[in-house]
Each structure stands twice: as structure tokens, then as C-alpha cells.
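K.L.:
Predicted coordinates and the sequence they were generated for:
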Amino acid sequence: MVAESDNEAGTQWAALAGVTAALAMFGAAQGLSYLLFTLLMQRQGLSPTLIGLSAAMMPVGLLLSASLVPVAVRLFGARNLGVGCALAGALCFFAIGALQNWVAWFPLRFLIGVIINPLYVLGEVWALSLAPPSRRGRVMGVFNALMGAGYAAGPLVLITVGTAGWPPFIAAISGFVLCALILCAVSAKLTGFEDDGQSFGGVVDFARLAPVLLLAVLVSAAVQQSSYALIPVFGSAYGLPEAKLAALVTARSLGNIFLQIPLGLAAERFGGRAMIIVCAVVTAICGVSLPVLITTPFAWPMLLVMGAVGYGVYTMALIELGSRFGGTTLLAGNAAFALMWGLGGIVGPPGAGALMQAIGPLGLPAVIIGLVTLLVAFAFYRSRLR
């Protein structure tokens with residue numbers, strides 16, 4: 001009996017490692033694609049406006065397809081949907097490479113957003129379901145750290161293979177195919193959770209169950225994507241050169257990778273809900289410090305921490321989601337998370353950019369501080385109601 005239990009645990013950890021590896025491969029392919037599209041469209045002489053509109057097609061696809069993921073899981077099964085979407089992603093990149101037409105890239109990038117959404121949702125649901133409850137914090141910390149590492153590895157792959165011809169597209173296609181193969185290899189442990197006999201309405205119903213978690217995801221997405229897009233603009237206003245601005249953005253990304261595991265361990269001790277508030281408060285402190293420290297050497301550690309706790313709000317929300325819900329409710333919750341992440345990415349950068357245009361560079365930290373203050377206030381309000 002003990003040997004059988006140990007074997008079951010070993011199989012579960014192997015499946016968890018497989019899911020994490022599969023999503024890291026998918027992340028690398030995605031990380032490669034963002035820079036690749038920009039460089040190719042610049043080479044074709046397209047305007048920044050068209051490049052930005054093209055880039056927006058993917059998050060629009062994510063946003064519009066989020067509520068359809070639970071329905072798709074019921075129709076096709078989680079494993080079949082995940083493997084099928086990974087292979088469809090490979091086909092999309094093959095079509096993009098074959099067409100080399102920026103007009104065709106608009107619908108194709110929208111389609112990629114629709115296709116990769118189930119991979120985001122199912123990857124997180126599988127990780128939450130497979131993780132032992134007592135170790136869920138560190139597991140999700142590792143999961144998100146490796147996802148971040150995958151995204152960071154994408155541009156490095158592009159530097160290696162270049163942007164000319166088929167090699168960059170073959171690298172992206174390979175990432176999606178490897179994702180599908182790994183999911184097939186660990187399929188024995190990736191079924192069953194999606195149909196637990198519960199009747200649940202979906203994304204809208206979940207919003208009534210956990211509004212704080214959904215607001216946390218929206219705030220994390222808005223803060224993260226506003227910071228990535230506008231810290232170079234913010235730093236330029238203080239006279240920083242482009243090379244240093246790029247390095248500061250990289251430092252912020254490293255926080256996403258290296259500090260998620262310690263945050264996950266803290267969540268195991270203090271709880272995901274409490275750590276959401278802690279990460280939000282520290283993010284606000286970093287926002288206040290941003291204009292003071294941006295021209296000093298302290299900008300490096302400050303941005304490292306800011307990247308960690310800004311994304312940590314999302315990681316803590318995931319951990320809390322996994323500890324409170326299971327089965328179809330967990331699936332609907334993850335789909336709602338994808339919806340809110342897409343919404344945060346759409347409203348955050350334009351809102352912060354508009355405020356910066358109105359009041360100057362201080363508009364960025366003002367948006368960051370305002371968003372996390374709203375989250376903390378709403379979390380305390382819901383706690384009093386409960």
C-alpha cells in the first residue's frame with residue numbers, strides 16, 4: 001500500500017513537471033513571437049500605429065474567447081483541447097511564415113489569441129489540481145517562475161536564429177509542437193478534473209463568488225503591462241539613455257522569475273489572500289519610490305522587487321483560487337482570470353499613457369498607486385462583509 005501510494009505521488013509529480021515544461025515551451029514560443037512580429041513589420045516600413053494594432057489582436061482574441069473555454073472543455077475534454085490548441089498554434093505560425101503578409105497577420109494573430117487561451121487556462125488548472133495542498137504556494141511559484149523564464153528565453157532564441165527566412169518560425173512551431181508532445185506524454189494525469197458532476201454557470205457566476213480575486217488579476221495585468229510599455233517613456237523624461245532603459249526593464253522582468261518562489265512559500269504560511277494585500281502594498285511603495293529612485297543605483301533593486309510583487313499579486317490570486325475551489329468552479333475561475341488579464345492589458349497601458357500625456361511622467365506611478373490602493377480598499381471592504 002505504501003509503495004502504491006509512493007508510486008501515485010511520483011506519477012503526480014511527473015505529470016506536474018510535464019505540464020510545467022509544456023507551458024514553458026509554449027511561453028518561449030510566445031516570447032519569441034512578440035519581438036519577431038515587431039521587427040518584421042518595421043522591416044516592411046509599417047507605422048508604429050499599425051504595429052501596435054497588430055499586437056493588440058492577440059489580447060483581443062484572449063479577451064473574447066475566455067468565457068468559451070469551459071464550454072470547449074466540456075465538448076472536447078481538457079487533454080484533447082490542450083493538445084489540439086498547441087498543434088493549432090503551430091499551424092498558425094506556419095501560415096504566418098508562409099504568407100509573409102502583414103494584412104493576413106491581423107486575423108492570424110487574433111486567432112492565435114483564441115487558440116492559446118485554453119493553454120493558459122488549462123495549464124494553471126492542471127498545476128493547481130496536481131499540486132499537493134500543503135505545497136501549492138511553492139509549486140505555483142515555480143510554475144510562474146518557469147513560465148516567466150520561458151518568455152524571457154524567447155527573445156534569446158531569436159537572437160540565436162535571427163529574423164530572416166524560416167528559422168524563427170520553425171523555432172516558434174517547435175515550441176508549440178513540443179508543448180503538444182509533452183502534454184500527450186503526461187496525459188494519464190491530465191483528465192477527470194474538468195467534469196466533477198457540479199453544475200456551474202461559468203465566468204459571470206464566478207465573479208459573484210470571488211470579486212477580490214478577479215480585481216487582483218485585473219490590477220496585476222494593468223500594472224504589469226503599463227510598466228513594461230511605459231517605464232522606457234518614464235525614464236526618458238528623466239534623461240536616461242535607451243540602453244539603460246532596456247536594462248531596467250530587464251531587471252524588472254528578472255523579479256518575475258526569481259522571486260515568485262519565495263512569495264509562494266510565504267503564501268503557504270500566511271495564506272494567498274493576505275499575500276495579495278502584502279504584494280499590493282509593496283507595489284504601491286515601489287510606485288511612490290519610482291520618481292525618486294529612477295536616476296539612482298537603487299532603481300535596479302526597486303524595479304526587481306516591483307516586478308516580483310506586481311506579478312506576485314496574480315500568483316497569490318492563483319494560489320487562493322486553488323485553495324478555495326475545485327472542479328468546474330476552478331475551471332470557470334481560471335477562465336475568468338484570463339478574461340480579467342486581457343481586460344487589464346487593454347485598459348491599463350492606454351489609461352496610464354493618457355494620464356502621462358496630461359500630467360507628465362508622474363502619470364505612470366499615479367496609475368500604479370491608484371490601482372493597488374483600490375485593490376487593498378476593496379479587499380478590506382469584502383473582508384468586513386464576510
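P.N.:
That came through fine.
K.L.:
in the stretch 51-200 of the chain, which segments are predicted with low confidence?
P.N.:
Across the stretch 51-200 of the chain, residues meeting the criterion (pLDDT under 70) sit at 52, 155, 187-200.
K.L.:
need the helices for it, in chain order.
P.N.:
Applying DSSP state H, counting those that start in this stretch to the stretch 51-200 of the chain gives helices spanning 69-76, 78-99, 102-130, 136-161, 167-185.
K.L.:
among those, which is nearest Phe258?
P.N.:
When the helices of the stretch 51-200 of the chain are compared by Cβ to Cβ, helix 136-161 sits nearest Phe258, at 7.1 Å. Yep, even glycine has a C-beta here, placed from its N, CA and C like the rest.
K.L.:
Would you mind measuring from Ala222 to Leu240?
P.N.:
Distance, Ala222 to Leu240, using Cβ to Cβ, to the nearest Å: 24 Å.
K.L.:
Who has more neighbours out of the two?
P.N.:
With neighbours defined as other Cβ atoms under 10 Å, Ala222 and Leu240 compare such that Ala222 has more, 26 against 18.
K.L.:
show me what contacts that one?
P.N.:
Residues near Ala222 by Cβ atoms under 8 Å, 6 or more residues apart in numbering: Gly344, Gly345, Val347, Gly348, Pro349, Gly351, Ala352, Val367, Leu371.
K.L.:
correct me, but the last one touches Gln224?
P.N.:
No. Counting by Cβ atoms under 8 Å, Leu371 sits too far from Gln224 to count as a contact (10.8 Å).
K.L.:
hey, what's in contact with both of the two?
P.N.:
In contact with both Leu371 and Gln224: no residue, using Cβ under 8 Å, 6+ apart.
K.L.:
Now tell me which of the contacts of Ala222 the prediction trusts least.
P.N.:
pLDDT is lowest at Gly345 among the contacts of Ala222; the value there is 77.
K.L.:
Helix, strand or coil: sort out that one for me.
P.N.:
Here Gly345 is recorded as helix under DSSP: H, G, I helix; E, B strand; the rest coil.
K.L.:
show me the residues around it that make contact.
P.N.:
Each residue near Gly345 by Cβ under 8 Å, 6+ apart is listed here: Pro59, Ala221, Ala222, Gln225.
K.L.:
Among those residues, which are located in helices?
P.N.:
If you go by DSSP state H, the contacts of Gly345 have Pro59, Ala221, Ala222, Gln225 in helices.
K.L.:
Excluding residues flanking it in the chain, which one is nearest the third one?
P.N.:
If I follow you right, that is Ala222. In space, and not counting its chain neighbours, Ala222 is closest to Gly348: 2.9 Å by Cβ to Cβ, 6 or more residues apart in numbering.
K.L.:
got a pLDDT number for Val217?
P.N.:
On pLDDT, Val217 comes in at 94.
K.L.:
Correct me if wrong: it contacts Gly348.
P.N.:
No. At 11.8 Å, Val217 and Gly348 do not qualify as touching, with contact defined as Cβ under 8 Å.
K.L.:
quick one: the host helix or strand of the residue nearest to Ala222 to helix 78-99, angle?
P.N.:
Secondary structure assignment for Gly348, by DSSP states H and E: helix 327-359. Per axes from the mean of the first three to the mean of the last three Cα atoms, to 10 degrees, the angle that helix 327-359 makes with helix 78-99 is 40 degrees.
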